[in-house]
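In: Predicted model, plus sequence, below.
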Amino acid sequence: MNICKKNIPIRKVKTVPTISKDEIQKSKDNIQEDLLWLKELNEKVDNEIFEKRICNLIQAEYEECDLLENESFFSLLFSKIKYVDGLNEFANLIVVKILESQKAVFSSEQKILQGLSLENVGEINECIRLVSEKYYYGDISVRDLKIDYRLYIILKAVFAVAPAVVINTLVEKEKEICTIENHKYYVSLHLVSCMVSGLLYEFPDWTLQEWVAFANKTQDCYCKVLIAQWILHKKDEMSLKDRLNLLCDLEIEAENFVVILANLYTEQIFAQKTSLQNHKDIIDEFIFTRYVNNKKCLIIFAMKAFLTSYEIDFPQYEKFVNRIPELKDDLQMLFLLNALNSLPSRKLFELLEKNVDKDLFGYLPSQRISKSIVDVRKYISHIPYLGSILCNQIKKCPHMLNKIVFRYDIHPDYIFELSNYPTDEFDSYILLIVLHALKHLKKDGVDVSKEISSIQWYMPCLLNKRQNDFYGLSQKIIEIYVSFLLENEKKQFASMLNPGENRKYLNSLILKEDSDNQHASDELVEEHSND
């Protein structure tokens, strides 16, 4: 967001109610003198003198003095800031004044601005979250900063020349100054966000290469992400491929860079603004070209771009996975682990944990079981695929099959911990994944009759629930369960139910199953007769 200079209140110099023409002319003469002094400045100058004269000029510009009407004042200030006597000390002087002023305002208003210290925003996901919110919703919190506008402009000029100095000074002085009655408040993140946005506005002629160089000068992850996001979204003739190549010069860890790209990959708004060429294909090609031998980067990108996004673009995920066969097993297993990284599936997750490459767990959002429940809706259409992944893992570790049992007298190693009938969607979700795995195992000739028989006690509950099951998971479980049963087992199961809707439903399901099987047999006979 471009920050208008009048968003930040200025402490105007007090004036008398009426001003004579002589006083007005004298004021203009002083402004003209200060402006000429600044233009001709070519040697070191005392900090206090510099600050005083610049404040006078900024005050005049703010009040729209006609002497500054045709001047690019900030560019002039930027070119002369190098002449202050000791840039570090000058930055320290301005930062202290700004923070002390802000503290006085907060104390008088008994209000503290919510936020983070820039020191605490070094983790890439947190940077992306903050930058995304700023990009889409604007940095509205800066309006709560009641700092002297003149000091802010001076600090912005110092920041343009030596951003790392300003950032380090802000973080250091924030620790000393920004406390009111044992409560910490933070302004560094807000100030830096505002200054970066301000510089983007002040220097429209800077090339994107110059902005990458400036991002590197900040030595700050948040600033780098902020500028990278702006470069990727800037409207001009440069192609996405060229922007990606340009950002290769950004001094940021490869693992963090692919997270930035994965975030762009999932942005629907960005996808709508790009050209007809699919932006996902462009990013895919860039990732494969640049990180073809970097397993860690490929896995991190896959996790962030596909598996932890709000919705899974499954066709694109499959295309990505199939392109790197040496990582296929790892990426498929991560899909399953991500889908089960939730407290209700703790037993099944831990069972996999004992039999899967331990390095994979380092890529999950949380290495421990997440206390929150995964969004079942996100994975419903992918349950058969999750079942096939579980099946492949059981084939590698056959002893896992003995743990897949559902019953009342629960053994500590069994995958469900239940004292009564399971009733929520997550129980049905886990069971469906397991049933699809068993279905694949049966097709491969593995005897799963013991595992299937252990589920029978659960069926009446699902039959009672199926009409009120919003996602229809109960019905899917019943259908796949019946497909496992032999002819006499189906009839025996149906006869166990009391007369009523459930028995009618089950009988109709059995008839449908028999009809489907007969149809499949007829097709098979017809195929053989044609051979």
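Out: The structure has been received and is ready for your questions. Numbers count the residues shown, from 1 in each chain.
In: what's around residue 131, how many residues?
Out: Using other C-beta atoms under 10 Å, residue 131 has 23 other residues around it. C-beta here means a position set from N, CA and C on the backbone, and glycine is covered the same way.
In: Now name the helix or strand holding it.
Out: helix 124-137 (DSSP states H and E).
In: Now residue 183: phi and psi?
Out: Main-chain torsions, residue 183, degrees, to the nearest 10: phi -110, psi 130.
In: in the sheet, who's paired with it?
Out: Taking DSSP bridges as the rule, residue 183 bridges to residue 180.
In: gap between residue 222 and residue 293?
Out: For residue 222, the distance to residue 293 (C-beta to C-beta, to the nearest Å) stands at 30 Å.
In: quick one, which of these two is more surrounded?
Out: Neighbours were tallied for residue 222 and for residue 293 using other C-beta under 10 Å; the higher tally belongs to residue 222 (27 against 7).
In: In contact with the more buried one: list those residues for me.
Out: Shown in contact with residue 222 (C-beta atoms under 8 Å, 6 or more residues apart in numbering): 118, 121-122, 127, 130-131, 189, 192.
In: and which of these is nearest residue 78?
Out: Here the nearest of these to residue 78, counting by C-beta to C-beta, is residue 192; it sits at 17.0 Å.
In: Could you measure from that closest one over to residue 328?
Out: Where residue 328 is concerned, residue 192 sits at a distance of 42 Å (C-beta to C-beta).
In: one step back: between the contacts of residue 222, which is nearest residue 65?
Out: Within the contacts of residue 222, the smallest distance to residue 65 is 29.3 Å, found for residue 192 (C-beta to C-beta).
In: how close does the closest one get to residue 257?
Out: 21 Å.
In: Ok, residue 427 next?
Out: In terms of C-beta to C-beta, residue 427 sits 40 Å off from residue 257.
In: what stretches of the stretch 301-450 of the chain score poorly on pLDDT?
Out: Applying pLDDT under 70 to the stretch 301-450 of the chain flags residues 366-368, 370-372, 406-424.
In: again, only using 50
Out: Where the stretch 301-450 of the chain drops to pLDDT under 50, the residues are 418-420.
In: would you list every one of the helices in it?
Out: Counting by DSSP state H, counting those that start in this stretch, the stretch 301-450 of the chain has helices at residues 314-323, 328-340, 346-353, 376-379, 383-396, 425-443, 449-453.
In: could you dump those to TSV with distance to residue 262 and mean neighbour count?
Out: Supplementary listing: the helices of the stretch 301-450 of the chain in TSV, determined by distance: least, C-beta to C-beta, whole Å; neighbours: other C-beta atoms under 10 Å:
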stretch	distance to residue 262	mean neighbour count
helix 314-323	11	15
helix 328-340	14	21
helix 346-353	24	19
helix 376-379	17	17
helix 383-396	21	19
helix 425-443	25	21
helix 449-453	38	16
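In: Just put the ones you listed in TSV and tack on distance to residue 162.
Out: Converted to TSV, these look like this (distance: least, C-beta to C-beta, whole Å):
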stretch	distance to residue 162
helix 314-323	42
helix 328-340	43
helix 346-353	49
helix 376-379	46
helix 383-396	52
helix 425-443	53
helix 449-453	67
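In: ok, the nearest residue to residue 217 once chain neighbours are set aside to residue 320 distance?
Out: Excluding its sequence neighbours, the residue lying closest to residue 217 (C-beta to C-beta, 6 or more residues apart in numbering) is residue 163, at 5.4 Å. Distance, residue 163 to residue 320, by C-beta to C-beta: 36 Å.
In: which secondary element of the protein has the worst mean pLDDT?
Out: Lowest mean confidence among the helices and strands of the chain (mean pLDDT, DSSP states H and E): helix 501-530, at a mean of 56.
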